[in-house]
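Chemist: coordinates for the following, if possible.
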Amino acid sequence: MDLKIPKDPVDAIIVAFLWAEWFTQKCLCLPYKLYIKYDYWSHNRKVAAAAKYAEENPYTFPDND
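Modeler: Residues are numbered from 1 along each chain as shown. Below you'll find the model as predicted:
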């Protein structure tokens, strides 16, 4: 793969800004994506634990007498 360096300074500045934007986006999105994955994982664990508890301890309706 040939890396072509722009000869025009304006083109070089545009390429530098585009690369910086891509790099910043990847660096800033990574913690957010990891947080979302952890949040889904912990929520699914809580749902599974609640379902297991509900299965082991079914609800009994109180008597109206």
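Chemist: from Thr60, how far out is Ile5?
Modeler: Per C-beta to C-beta, to the nearest Å, Ile5 is found 76 Å from Thr60. Using the backbone N, CA and C atoms, a C-beta is placed for each residue, glycine as well.
Chemist: ok, Val15 - how many residues close by?
Modeler: The tally of other residues near Val15 (other C-beta atoms under 10 Å) stands at 13.
Chemist: low-confidence stretches in this structure?
Modeler: Regions of the chain meeting the criterion pLDDT under 70 cover residues 1, 65.
Chemist: mind doing that once more with 80?
Modeler: In the predicted model of the chain, residues 1-6, 65 satisfy pLDDT under 80.
Chemist: and the helices in it, which stretches?
Modeler: Defined through DSSP state H, the helices belonging to the chain, from first to last, are 9-56.
Chemist: centroid residue for it?
Modeler: Lys33 (2.2 Å; C-alpha atoms, centre = their mean).
Chemist: could you check how far that residue is from Phe61?
Modeler: 45 Å.
Chemist: over to Asp2?
Modeler: Applying C-beta to C-beta, one obtains 76 Å for the distance of Asp2 from Phe61.
Chemist: and Ala54, by the same measure?
Modeler: Using C-beta to C-beta, which is the criterion applied here, Ala54 is 15 Å from Phe61.
Chemist: pick out whichever of these two has more residues nearby.
Modeler: The neighbour comparison of Ala54 against Phe61 (other C-beta under 10 Å) goes to Ala54, with 10 against 5.
Chemist: count of residues packed around Ile5?
Modeler: When neighbours are counted by other C-beta under 10 Å, Ile5 registers 7.
Chemist: same thing with Pro31?
Modeler: 9.
Chemist: residues touching it, list them.
Modeler: Contacts for Pro31 were tallied using C-beta atoms under 8 Å, 6 or more residues apart in numbering; there are none.
Chemist: any idea how far it lies from Trp19?
Modeler: For Pro31, the distance to Trp19 under the criterion C-beta to C-beta works out to 21 Å.
Chemist: equivalent analysis for Val10, please.
Modeler: In terms of C-beta to C-beta, Val10 sits 15 Å off from Trp19.
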